[in-house]
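*Asks:* Quick one: sequence plus predicted model below, questions after.
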Amino acid sequence: MLAYAEPSYDTLSGEAFLKLKGEGSAFQSLDPASKFVLAKRVAVGPTLGTGLQNVPANRRFYPAAGSSVRGYNSQGIGPKDDTGKPTGGLSFFETSFEMRIAVTDRLAS
(Lines give C-alpha, C1' and ligand atoms only; values in the text may rest on other atoms or scores of the structure.)
Protein backbone atom coordinates (compact mmCIF):
# COMPACT_ATOMS: atom_id res chain seq x y z
CA MET A 1 0.00 0.00 0.00
CA LEU A 2 1.31 3.43 -0.95
CA ALA A 3 -0.25 6.86 -0.46
CA TYR A 4 1.08 10.38 -0.76
CA ALA A 5 -0.10 13.97 -0.79
CA GLU A 6 1.83 16.67 -2.64
CA PRO A 7 0.70 20.24 -1.83
CA SER A 8 1.86 22.88 -4.30
CA TYR A 9 1.83 26.66 -4.58
CA ASP A 10 2.80 28.59 -7.72
CA THR A 11 4.36 31.89 -6.65
CA LEU A 12 3.89 33.46 -10.11
CA SER A 13 0.16 32.78 -10.48
CA GLY A 14 -0.77 32.43 -6.82
CA GLU A 15 -2.50 29.11 -7.56
CA ALA A 16 -2.45 26.36 -4.96
CA PHE A 17 -3.38 22.72 -5.54
CA LEU A 18 -3.07 19.32 -3.92
CA LYS A 19 -2.00 16.21 -5.84
CA LEU A 20 -2.97 12.91 -4.20
CA LYS A 21 -2.07 9.34 -5.13
CA GLY A 22 -2.92 5.97 -3.62
CA GLU A 23 -1.85 2.53 -4.78
CA GLY A 24 -2.25 -1.02 -3.53
CA SER A 25 -1.51 -4.52 -4.73
CA ALA A 26 -2.30 -8.04 -3.59
CA PHE A 27 -1.26 -11.55 -4.57
CA GLN A 28 -3.29 -14.74 -4.29
CA SER A 29 -1.90 -18.22 -4.79
CA LEU A 30 -4.27 -20.39 -6.81
CA ASP A 31 -2.66 -23.74 -5.99
CA PRO A 32 -0.86 -25.31 -2.99
CA ALA A 33 2.57 -25.14 -4.67
CA SER A 34 2.08 -21.44 -5.59
CA LYS A 35 2.91 -22.15 -9.22
CA PHE A 36 -0.07 -20.00 -10.25
CA VAL A 37 -0.43 -16.63 -8.55
CA LEU A 38 -3.01 -13.96 -9.34
CA ALA A 39 -1.60 -10.42 -8.98
CA LYS A 40 -4.02 -7.51 -8.54
CA ARG A 41 -3.21 -3.80 -8.51
CA VAL A 42 -5.25 -0.59 -8.21
CA ALA A 43 -4.10 3.04 -8.24
CA VAL A 44 -6.03 6.29 -8.11
CA GLY A 45 -5.12 9.96 -7.96
CA PRO A 46 -6.88 13.31 -8.15
CA THR A 47 -5.52 16.85 -8.31
CA LEU A 48 -7.65 19.18 -6.20
CA GLY A 49 -8.02 22.94 -6.01
CA THR A 50 -7.38 24.20 -9.54
CA GLY A 51 -7.88 23.57 -13.25
CA LEU A 52 -5.60 21.82 -15.73
CA GLN A 53 -4.23 25.09 -17.13
CA ASN A 54 -2.80 25.96 -13.68
CA VAL A 55 -0.97 22.66 -13.12
CA PRO A 56 2.52 22.53 -14.67
CA ALA A 57 2.86 19.80 -17.30
CA ASN A 58 5.43 17.91 -15.23
CA ARG A 59 2.99 17.71 -12.27
CA ARG A 60 0.05 16.22 -14.22
CA PHE A 61 -0.92 12.57 -14.45
CA TYR A 62 0.03 10.69 -17.63
CA PRO A 63 -1.19 7.14 -18.35
CA ALA A 64 0.89 4.36 -19.90
CA ALA A 65 4.37 2.98 -19.32
CA GLY A 66 5.43 -0.35 -17.85
CA SER A 67 3.64 -0.13 -14.55
CA SER A 68 0.21 1.02 -15.74
CA VAL A 69 -0.81 0.32 -19.35
CA ARG A 70 1.63 -2.20 -20.76
CA GLY A 71 2.43 -2.03 -24.44
CA TYR A 72 2.34 1.76 -24.68
CA ASN A 73 5.17 4.27 -24.36
CA SER A 74 5.16 6.70 -21.46
CA GLN A 75 2.57 9.41 -22.21
CA GLY A 76 1.54 7.31 -25.24
CA ILE A 77 -2.19 7.39 -24.48
CA GLY A 78 -4.50 9.93 -22.89
CA PRO A 79 -5.53 13.47 -23.76
CA LYS A 80 -3.54 15.33 -26.42
CA ASP A 81 -3.58 18.92 -27.67
CA ASP A 82 -4.22 19.96 -31.29
CA THR A 83 -0.62 19.17 -32.24
CA GLY A 84 -0.75 15.65 -30.79
CA LYS A 85 1.33 16.49 -27.74
CA PRO A 86 0.15 14.77 -24.51
CA THR A 87 -1.52 17.23 -22.12
CA GLY A 88 -1.80 14.98 -19.10
CA GLY A 89 -4.73 15.13 -16.75
CA LEU A 90 -5.93 16.09 -13.30
CA SER A 91 -6.86 12.55 -12.24
CA PHE A 92 -6.41 8.88 -13.06
CA PHE A 93 -7.67 5.42 -12.16
CA GLU A 94 -5.77 2.23 -13.00
CA THR A 95 -6.43 -1.40 -12.26
CA SER A 96 -4.78 -4.57 -13.44
CA PHE A 97 -4.91 -8.32 -13.02
CA GLU A 98 -2.07 -10.64 -13.99
CA MET A 99 -1.51 -14.36 -13.83
CA ARG A 100 2.01 -15.18 -12.71
CA ILE A 101 3.21 -18.68 -13.54
CA ALA A 102 6.30 -20.35 -12.14
CA VAL A 103 8.10 -22.07 -15.02
CA THR A 104 10.73 -23.81 -12.87
CA ASP A 105 11.77 -23.52 -9.23
CA ARG A 106 14.26 -20.82 -10.20
CA LEU A 107 12.31 -19.05 -12.96
CA ALA A 108 8.91 -17.44 -12.49
CA SER A 109 7.11 -14.76 -14.49
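*Replies:* Perfect, I can see it now. Predicted, not measured: the structure shown is a model, and the values here were computed from it. Residues are numbered from 1 along each chain as shown.
*Asks:* roughly how far apart are the closest residue to E6 other than its chain neighbours and S74?
*Replies:* Leaving aside its sequence neighbours, E6 sits nearest to K19 (CB to CB, 6 or more residues apart in numbering; 4.3 Å). No exception for glycine: its C-beta is placed from N, CA and C like everyone else's. Remark: distance between K19 and S74 (CB to CB, to the nearest Å) = 18 Å.
*Asks:* Which one's more surrounded, these two?
*Replies:* Neighbours per residue (other CB atoms under 10 Å) separate K19 from S74, with K19 holding more: 20 against 14.
*Asks:* The more buried one: helix or strand, and which one exactly?
*Replies:* strand 16-29 (DSSP states H and E).
*Asks:* Buried ones in the following helix or strand past that strand, by neighbour count?
*Replies:* Following strand 16-29 in sequence order, the next helix or strand is strand 36-48 (DSSP H and E). Counting neighbours by 16 or more other CB atoms under 10 Å, one finds that the buried residues in strand 36-48 are 37, 41, 43, 45-47.
*Asks:* low-confidence ranges in the protein?
*Replies:* 64-68, 107-109 (pLDDT under 70).
*Asks:* again, 80 this time
*Replies:* Where the chain drops to pLDDT under 80, the residues are 13, 63-77, 104-109.
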